[in-house]
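Visitor: Next input, structure requested:
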Amino acid sequence: MRIAADWSWRILVVAGALALLGFLVVQLREVAVPFLLALVLSALLVPFSAWLQRHHWPKGFAVALSEVGVIAIIGGLVTLVVFQVRNAIPDLQHQTLEKYEELKQFLLDSPFHLTEKDISAGLDTIINAIKADAGSFLSGALSVGSTAGHLLTGTLLTLFATLFILIDGKRIWTWLVGVFPRRARPAVDGAGQAGWQTLSAFVRVQILVAFVDAVGIGLGAWILGLFFGGFPLVVPIAVAVFLGSFIPVVGAVVTGAIAVFVALVYLGIWPAVIMLGVVILVQQVEGHVLQPFIMGTAVKVHPLAVVFAVATGGFVAGIAGAFFAVPAVATLNVMIRYVSSGAWRTTPVPSAPKKATRDLDS
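Guide: So this is what the prediction gives:
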């Protein structure tokens, strides 16, 4: 009973602290989401900026190139998708209506003896089910950036936070470590550095996984088009797969479904079946090769934990929650294991210089 009581009150305290942290993040989501996104971007850009500085680039130029480069790449990809999709929307609508009429006529002539009323009711049921499933997932994203002003503010906060982390990240971390009691600083410092290394590894590996998904599905669509008179929107689909793959599990499924839908609308049922096979093959390669051997080694999180983390994050905070779930779990897992291992007692990280702490205090 004593052991159970000791564990119980400790678990309650930890759960209460996590609940309070989650409540604050939700209440301050318009600030928290840009800050978390800045951490993810910085985990990718800090090593690149440091590499440039080791090759005798001035720090200002290295930081500027890192920030401007990522803005140009993301902006270019989004612009490419928007322009190509916008030009293809009229034809896509026309093809979709044609396929819908063909499907409706097939069902009317089928042995099932369906009527137009039955078909309309079934279609309404499917649409309502999709809306119900997607409503909770999209609500988080809409609450974060429901207006253009919120989106612009979040973008500027992300860019400014990333810039200052690139410029002064070490001194900011030194100041944060100095806030803790002196005896706890080695553990906090070591855990923070271990978590940062894991986050950096996750971002780099996730880019590799997203690139493999995009090339696999995009190349499959292009080859399929060679045999069926051309596959439209290959480049936007590949870019959408690349961007969607940053949301584990959910992103790959949604973007793969888009590729299958385009194949169905433009090429027909059998090309769509082949495209579905390509998407499943690419996802199997990711799930059984890339995730266990590359992602598992980098972040040391079991695939089951990844699935539940994404599901929980999507339920609680929509798209933003699904996006940050895996890096948050991976980072916290490494930090907690580092502290519990006691490695900071035998090989502590060198304590922060007092001068840097005084500079930030001032």
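
Visitor: contacts, neighbours, all on C-alpha from now
Guide: Noted.

Visitor: Show me how far the longest helix seen in the chain is from its chain's centre.
Guide: Identified as the longest helix of the chain according to DSSP state H is helix 59-109. Offset of helix 59-109 from its chain centre (Cα atoms, centre = their mean, to the nearest Å): 18 Å.

Visitor: Could you do stretch 28-36 as well?
Guide: 15 Å.

Visitor: in that stretch, what's buried?
Guide: Arg29, Glu30, Val31, Ala32, Val33, Pro34, Phe35, Leu36 (16 or more other Cα atoms under 10 Å).

Visitor: For the residues you listed, give me TSV that also has distance to Thr255.
Guide: TSV is the format used below for the buried residues of stretch 28-36 (distance: Cα to Cα, whole Å):
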residue	distance to Thr255
Arg29	26
Glu30	27
Val31	28
Ala32	27
Val33	23
Pro34	24
Phe35	27
Leu36	24
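
Visitor: min pLDDT across those, which one?
Guide: For the buried residues of stretch 28-36, the model is least confident at Arg29; its pLDDT is 77.

Visitor: Tell me how far that one lies from Arg345.
Guide: Per Cα to Cα, to the nearest Å, Arg29 is found 36 Å from Arg345.

Visitor: What of Lys59?
Guide: 34 Å.

Visitor: neighbour count winner among those two?
Guide: Lys59 (16 against 11; other Cα atoms under 10 Å).

Visitor: Contact partners for the more buried one?
Guide: Ser49, Gln53 (Cα atoms under 8 Å, 6 or more residues apart in numbering).

Visitor: hmm, try it at 10 Å
Guide: Listed by Cα atoms under 10 Å, 6 or more residues apart in numbering, the contact set of Lys59 reads Ser49, Ala50, Leu52, Gln53, Leu65, Leu166, Ile167.

Visitor: Give me the below-cutoff pLDDT ranges for the stretch 1-150 of the chain.
Guide: Residues of the stretch 1-150 of the chain that meet the criterion pLDDT under 70 lie in 107, 112-114, 119, 123, 126-149.

Visitor: what about 90?
Guide: By pLDDT under 90, the weakly predicted segments of the stretch 1-150 of the chain are 1-11, 13-37, 40, 43-44, 47, 55-57, 59-60, 66-67, 69-71, 73-150.

Visitor: Export stretch 46-62 to PDB, keeping only CA atoms.
Guide: In PDB, the C-alpha atoms belonging to stretch 46-62 read as follows (Å, rounded to 0.1, in the frame of the first residue of the first chain):
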ATOM      1  CA  VAL A  46      21.100  25.300 -37.100                       C
ATOM      2  CA  PRO A  47      23.400  22.400 -38.400                       C
ATOM      3  CA  PHE A  48      23.400  23.900 -41.800                       C
ATOM      4  CA  SER A  49      24.300  27.400 -40.500                       C
ATOM      5  CA  ALA A  50      27.000  25.900 -38.300                       C
ATOM      6  CA  TRP A  51      28.400  24.000 -41.300                       C
ATOM      7  CA  LEU A  52      28.600  27.200 -43.300                       C
ATOM      8  CA  GLN A  53      30.300  29.000 -40.500                       C
ATOM      9  CA  ARG A  54      32.900  26.100 -40.200                       C
ATOM     10  CA  HIS A  55      33.600  26.800 -43.800                       C
ATOM     11  CA  HIS A  56      34.500  30.400 -43.100                       C
ATOM     12  CA  TRP A  57      31.200  32.000 -43.900                       C
ATOM     13  CA  PRO A  58      30.400  35.100 -41.700                       C
ATOM     14  CA  LYS A  59      27.700  34.300 -39.200                       C
ATOM     15  CA  GLY A  60      25.300  36.900 -40.500                       C
ATOM     16  CA  PHE A  61      25.500  35.500 -44.100                       C
ATOM     17  CA  ALA A  62      25.200  31.900 -42.900                       C
END
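
Visitor: Can you mark which positions in that stretch are buried?
Guide: Val46, Phe48, Ser49, Ala50, Leu52, Gln53, Lys59, Ala62.

Visitor: Could you check how far that stretch is from the centre of its chain?
Guide: 26 Å.

Visitor: can you give me the strands for the chain?
Guide: With DSSP state E as the definition, the chain shows no strands.

Visitor: Once you drop chain neighbours, what's closest to Arg215?
Guide: In this structure residue 215 is Val, not Arg. Ala238 (6.7 Å; Cα to Cα, 6 or more residues apart in numbering).
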